[in-house]
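Coordinates for the following, if possible.
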Amino acid sequence: MEKSPPNTVRGPWLEHHFKPASFLSLTRSPYAVAEGIRRREGHSVERAARHWTIANQIMLDDLERLDDALLLNYEDLCADPSKEMTRVTRFLKIDPYPDQFLREILPIHNVTEQPSLIKDFNASSLERLSADDIRRIEDIAGEVMSRLGYEFFTG
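Predicted coordinates for the structure are as follows:
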């Protein structure tokens, strides 16, 4: 198991060097990602949106070439953790993940820095974006957003 963001763009190399390899790819709304990068790292929304776009474009292109890959998204995982973990365990051909663990408060990294149930924090990220921020994110990330099925908030 390896989850470093830089390895998002190394799928084919990892597959070549680590056989057999299975890949779980996870996406998240570009609005939330860009807001988080700006808040934590101080980068512009445009830079954060370009980062999201490039990383997700490479990941999507790689998914077409990888032998064993599953695409997930943060929003579905938060909305129905049991369903998504069933998808993961079936894909990996491993024992089911106990549902009771999905209903526990976890000491996870999140914007509140407090232990939490699995929860979608996108709404609080969206609240910190202006209409102009949203438009700029969509201008930069729009094509990849469409490929991933993310809705646009403007126009």
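
From residue 101, how far out is the most centrally placed residue in the chain?
Residue closest to the average C-alpha location in the chain (C-alpha atoms, centre = their mean): residue 27, at 2.5 Å. Distance of residue 27 to residue 101, given as C-beta to C-beta, to the nearest Å: 23 Å. Any C-beta I mention is one placed from the backbone N, CA and C, and that applies to glycine too.

Would you check that the residue nearest to the centre of the chain makes contact with residue 73?
Yes - in this structure, residue 27 is within contact of residue 73 by C-beta atoms under 8 Å, at 4.6 Å.

May I see the buried residues of the helix or strand of the chain with the lowest mean pLDDT?
Ranked by mean pLDDT, DSSP states H and E, the weakest helix or strand in the chain is helix 99-102, scoring a mean of 75. Residues residue 102 are the ones in helix 99-102 that count as buried (16 or more other C-beta atoms under 10 Å).

Would you mind writing the CA trace of that helix as PDB?
Taking Å, rounded to 0.1, in the frame of the first residue of the first chain, the C-alpha atoms of helix 99-102 are listed here in PDB:
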ATOM      1  CA  ASP A  99     -18.900  -2.000   8.800                       C
ATOM      2  CA  GLN A 100     -18.500  -1.200  12.500                       C
ATOM      3  CA  PHE A 101     -15.100   0.400  11.800                       C
ATOM      4  CA  LEU A 102     -16.800   2.700   9.400                       C
END
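
Tell me which residues are up against that helix.
81, 82, 85, 118 (C-beta atoms under 8 Å, 6 or more residues apart in numbering).

can you rerun that using 6 Å?
81, 82 (C-beta atoms under 6 Å, 6 or more residues apart in numbering).

ditto for stretch 131-144
With C-beta under 6 Å, 6+ apart as the criterion, stretch 131-144 contacts 30-31, 34, 45-46, 49-50, 52-53, 56-57, 152-154.

Quickly find the element holding residue 48.
Residue 48 belongs to helix 45-63 when assigned by DSSP states H and E.

Lovely, talk soon.
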